[in-house]
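Trainee: Quick one: sequence and predicted model below, then my questions.
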Amino acid sequence: MSLILQSAAFNKMLEANPYYEYVVRGWDFAIKYNSAFVDASSKAFETFLSTRKGTAQNIEKTIRSSFDKTLRDDLNDDVLASSMMDYIDSWAKLCNLFGYGQFTANFYDLFSYANRILEPLRDNVNRTPSDVIHCSRTLCDTTSLSDNINRAPSDIMDVKGRFDLLHYKSDIPPEHKTPILVVYSLINRHYILDLLPNVSVIKNLQRQGFDIYATDWGTPKSFDKDLTLETYAEEYVGNAVEKIKEITGSDKVSLFGYCWGGLFALIYTSTHQENVKNLILHATPVDINKEKTVIENWTAHLNADDLTDVFGNIPGWLLNLAFLIRNPVEAMLKYPRYFGEPRSLDEITQFFAIETWLYDSRPIIGEVYREIVDQVYRKNLLIKNKMKVGSDIINLKNITIPLLDIVGTKDDLVPPSSSISVIDAIGSTDKKLIEFPTGHVGLCISNMAHEKLWPEIGRWIAQRS
């Protein structure tokens, strides 16, 4: 089948018939995907036969580890990744024929307006109280977050590219002069660093005497699809920085970039370093060629042009599906494994809070997604100092302010090597790498991280504020 699919004549025939192409591409991907599970199951069975010693629990752990590693390696294979992306391209063509892209855009537009009512309710429960500054390129309007519950959607500023700047309230006056702006990713919602009171990074930093602000990018609408990386990384972050300087009287702001938000923070700092006191990066993908996780490799093979041309903004459920199919066995067994032993109410609450955040995905601005996939994941231009944002070429050597790079050594979304490269790439002499033995989300919510990691981060920032 693979040899046939590589035939130029056969590919030409498929392109002439999108229905047939969708079936053939889907069949080819299904064979390769299922083969990965067969191979992983076979290796796990071999491990079972060869394991003679140890407790039942250790034997199960060894077998599971064998299965997971083999499956991860097989799913990370370039041939399978190419097959998956061919399948997605054929699916996108059908969606275009049936007008599904426009249907999706209309649905998310409706959801965006409904979300104006849901967001204040969601963001008040178990969250640190905050004031909201509704921002665009030209206007900022400060209100209390709780006030929005009684506001009609039409009363809230509805302009292209609207975003919110949150200012977290604290009973403790700020001890440190320089405020912190948390710049979030465009993929999941902003509240991962303020998930629950007992595992809130925001509260942790507030207790250490910091004045905290954060971006909330909200739910984009279809007409936001053309907003660019320059819009977010330079204009919007810049708008937020200037507003914080106006409110606090500080001449500089410390930038804290979470995941893709770290890309925004790097870009802004490279071009507007005069406004930035310290730069903190949290699990930020910088050097994709060092090592690719399954998700990163699939993204690197993705034809982002086709998806954005059809859908405009990338549907959140498509990203959720990718996360699920990278290891569906783990996803299916997660619940029975977790609830297979007694859990406290706090543990159950935290488990479902994390699950809610994981699948509370917003659409991703199409043009921003296209630029990041093309320049970071496919061509790896950021680490080469060749990434273009607007009229600027981003040169990491221009960054000479203090840098703190936070990496989870067990991160299976952004591999440590992808983040660590920034240490050697920037021009600063004051730079520190913190490697912590947990995963992508564990950096935010694990008890160990709150006991050891975040106090260390706070001390580093305090010494430079």
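Mentor: Arrived safely, thanks for sending.

Trainee: and residue 400, how many neighbours?
Mentor: The tally of other residues near residue 400 (other C-beta atoms under 10 Å) stands at 14. (Each C-beta comes from the backbone N, C-alpha and C, glycine too.)

Trainee: confidence score at it?
Mentor: On pLDDT, residue 400 comes in at 97.

Trainee: thought it was touching residue 270?
Mentor: No: Residue 400 is beyond contact range of residue 270, at 10.5 Å (criterion: C-beta atoms under 8 Å).

Trainee: Can you pull out the low-pLDDT segments for the chain?
Mentor: The chain contains residues with pLDDT under 70 at 1-16, 52, 115-116, 119-120, 136-161.

Trainee: Please save the CA atoms from the helix or strand harbouring residue 322 in CSV.
Mentor: Under the criterion of DSSP states H and E, residue 322 resides in helix 316-325. These are the backbone C-alpha positions of helix 316-325, laid out as CSV (Å, rounded to 0.1, in the frame of the first residue of the first chain):
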residue,chain,number,x,y,z
GLY,A,316,-9.8,23.4,19.9
TRP,A,317,-11.2,19.9,19.6
LEU,A,318,-8.7,19.1,16.9
LEU,A,319,-5.8,19.7,19.3
ASN,A,320,-7.6,17.7,22.0
LEU,A,321,-8.0,14.8,19.6
ALA,A,322,-4.3,14.9,18.9
PHE,A,323,-3.5,14.7,22.6
LEU,A,324,-5.9,11.7,23.0
ILE,A,325,-4.6,9.6,20.1
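
Trainee: ok now that helix, how far from the chain's centre?
Mentor: 12 Å (C-alpha atoms, centre = their mean, to the nearest Å).

Trainee: do the same with stretch 331-341
Mentor: On C-alpha atoms, centre = their mean, the centre of stretch 331-341 falls 25 Å from that of its chain.

Trainee: Now do the buried residues in stretch 332-344.
Mentor: Buried residues in stretch 332-344, counting neighbours by 16 or more other C-beta atoms under 10 Å, are absent.

Trainee: Revised request: answer the last question for stretch 243-253.
Mentor: Under the neighbour-count criterion of 16+ other C-beta under 10 Å, stretch 243-253 has 243, 244, 247, 248, 250, 252, 253 buried.

Trainee: can you tell me which residues contact the residue lying closest to residue 206 once chain neighbours are set aside?
Mentor: Spatial nearest neighbour of residue 206, excluding adjacent residues (C-beta to C-beta, 6 or more residues apart in numbering): residue 170 at 4.6 Å. By C-beta atoms under 8 Å, 6 or more residues apart in numbering, the contact list for residue 170 reads 128, 206, 211, 212.

Trainee: how about residue 170, secondary structure?
Mentor: Each residue gets one of three states, and residue 170 gets coil by DSSP: H, G, I helix; E, B strand; the rest coil.

Trainee: which residues make contact with the next helix or strand after the helix holding residue 322 from outside it?
Mentor: The helix or strand immediately downstream of helix 316-325 is helix 328-338, counting by DSSP H and E. Residues outside helix 328-338 that contact it (C-beta under 8 Å, 6+ apart): 37, 67, 68, 71, 324, 351.

Trainee: Report the spatially closest residue to the last one, excluding sequence-adjacent ones.
Mentor: It refers to residue 351. Excluding its sequence neighbours, the residue lying closest to residue 351 (C-beta to C-beta, 6+ apart) is residue 338, at 6.2 Å.

Trainee: Strands of this protein, start to end?
Mentor: 130-135, 140-144, 163-168, 180-183, 212-216, 253-258, 276-282, 387-389, 392-394, 403-408, 431-436 (DSSP state E).

Trainee: Based on its surroundings, how many neighbours for the closest residue to residue 286 other than its chain neighbours?
Mentor: Leaving out its chain neighbours, the residue that sits closest to residue 286 by C-beta to C-beta, 6+ apart is residue 422, at 4.5 Å. Look at residue 422: counted by other C-beta under 10 Å, it has 25 neighbours.

Trainee: got the contact list for residue 422?
Mentor: Contacts of residue 422 (C-beta under 8 Å, 6+ apart): 266, 281, 284, 286, 287, 383, 396, 403, 405.

Trainee: And for residue 187?
Mentor: Residue 187 makes contact with 259, 260, 316, 319, 361, 362, 364, according to C-beta under 8 Å, 6+ apart.

Trainee: quick one: which of the residues you listed is nearest to residue 440?
Mentor: residue 259 (7.8 Å; C-beta to C-beta).

Trainee: Can you get me a residue count around the closest one?
Mentor: For residue 259, using other C-beta under 10 Å, the count is 22.

Trainee: give me every residue that touches it.
Mentor: Here residue 259 is in contact with 184, 185, 187, 282, 283, 284, 285, 414, 440 (C-beta under 8 Å, 6+ apart).

Trainee: Kindly recompute the last result at 10 Å.
Mentor: 183-188, 192, 281-285, 413-414, 419, 440 (C-beta atoms under 10 Å, 6 or more residues apart in numbering).

Trainee: Same check on residue 251?
Mentor: Contacts of residue 251 (C-beta under 10 Å, 6+ apart): 177, 178, 245, 274, 275, 277.

Trainee: Quick check: phi and psi on it?
Mentor: phi -90, psi -10 (degrees, to the nearest 10).

Trainee: Residue 366 versus residue 112, what's the distance?
Mentor: Separation of residue 112 from residue 366 (C-beta to C-beta, to the nearest Å) stands at 15 Å.

Trainee: For the two, work out which one has more neighbours and name it.
Mentor: residue 366 (25 against 20).

Trainee: I'd assumed residue 306 was in contact with that one.
Mentor: No: contact status for residue 366 versus residue 306: not in contact, 11.3 Å apart, counting by C-beta atoms under 10 Å.

Trainee: Do a quick rundown of the helices in the stretch 51-200 of the chain.
Mentor: 56-75, 78-98, 100-124 (DSSP state H, counting those that start in this stretch).

Trainee: among the ones you listed, which is nearest residue 300?
Mentor: Across these, closest to residue 300 is helix 78-98 (C-beta to C-beta), at 7.7 Å.

Trainee: May I see the strands of the chain organised as CSV, with distance to residue 80 added?
Mentor: As requested, the strands of the chain are exported to CSV (distance: least, C-beta to C-beta, whole Å):
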stretch, distance to residue 80
strand 130-135, 42
strand 140-144, 47
strand 163-168, 37
strand 180-183, 34
strand 212-216, 36
strand 253-258, 30
strand 276-282, 30
strand 387-389, 28
strand 392-394, 32
strand 403-408, 26
strand 431-436, 30
